[in-house]
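1. From the sequence below, what's the structure:
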Amino acid sequence: MLKCYNIMKTNIINIGNSQGVIIPASLLRKLNLSNKSSIDVDVENGSIVIKPAPRQGWEEAAVQMHAAGDDMPLLADTQTDFDKEEWTW
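-> Numbers count the residues shown, from 1 in each chain. Model prediction:
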């Protein structure tokens, strides 16, 4: 777990009809986040918690792999006698 010991003070600001917080670039770099990164925001124990959304970029990577023909199974079909004779699908 990433711990931050240098507390950075900031203010809540108006952004259109909503409010927001400016996150310092140094914190974004530590989490490998940028302008368009997806995040999850939650409240835990009276604190606002911001976490990178899991699996960012996977969809784009899968499209690129398929286009390059690099999305084939690594192993051949490995059915066993149990799979063929006893298992009910």
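2. pull the CA atoms of the lengthiest helix in the chain into CSV?
-> Assignment by DSSP state H gives helix 58-67 as the longest helix of the chain. What follows is helix 58-67, C-alpha atoms only, in CSV (Å, rounded to 0.1, in the frame of the first residue of the first chain):
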residue,chain,number,x,y,z
TRP,A,58,-7.2,-3.5,-20.8
GLU,A,59,-9.9,-3.0,-23.5
GLU,A,60,-7.6,-1.1,-25.7
ALA,A,61,-4.8,-3.6,-25.2
ALA,A,62,-7.1,-6.5,-26.1
VAL,A,63,-8.1,-4.7,-29.4
GLN,A,64,-4.5,-4.1,-30.3
MET,A,65,-3.6,-7.8,-29.5
HIS,A,66,-6.4,-9.0,-31.7
ALA,A,67,-5.4,-6.7,-34.5
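3. need the next SSE after that helix, C-terminal direction.
-> helix 81 (DSSP states H and E).
4. separation between the residue lying closest to Q56 once chain neighbours are set aside and I12?
-> Leaving aside its sequence neighbours, Q56 sits nearest to S38 (Cβ to Cβ, 6 or more residues apart in numbering; 5.7 Å). (Glycine included, C-beta is placed from N, CA and C.) Plainly put, S38 is 21 Å away from I12 if you go by Cβ to Cβ, to the nearest Å.
5. try V49
-> Plainly put, V49 is 16 Å away from I12 if you go by Cβ to Cβ.
6. low pLDDT regions in this structure?
-> Along the chain, the model assigns pLDDT under 70 to residues 1-6.
7. ok, 90 please
-> Applying pLDDT under 90 to the chain flags the ranges 1-10, 23-38, 50-62, 70-89.
8. do you know how far the residue minimising distance to the centre of the chain is from D40?
-> What sits nearest the mean C-alpha location of the chain, by Cα atoms, centre = their mean, is P54, with 2.3 Å. The gap separating P54 from D40 is 8 Å, by Cβ to Cβ.
9. Check L31 too.
-> 12 Å.
10. out of these two, which sits in the busier spot?
-> Taking neighbours as other Cβ atoms under 10 Å, L31 and D40 compare with L31 leading, 14 against 10.
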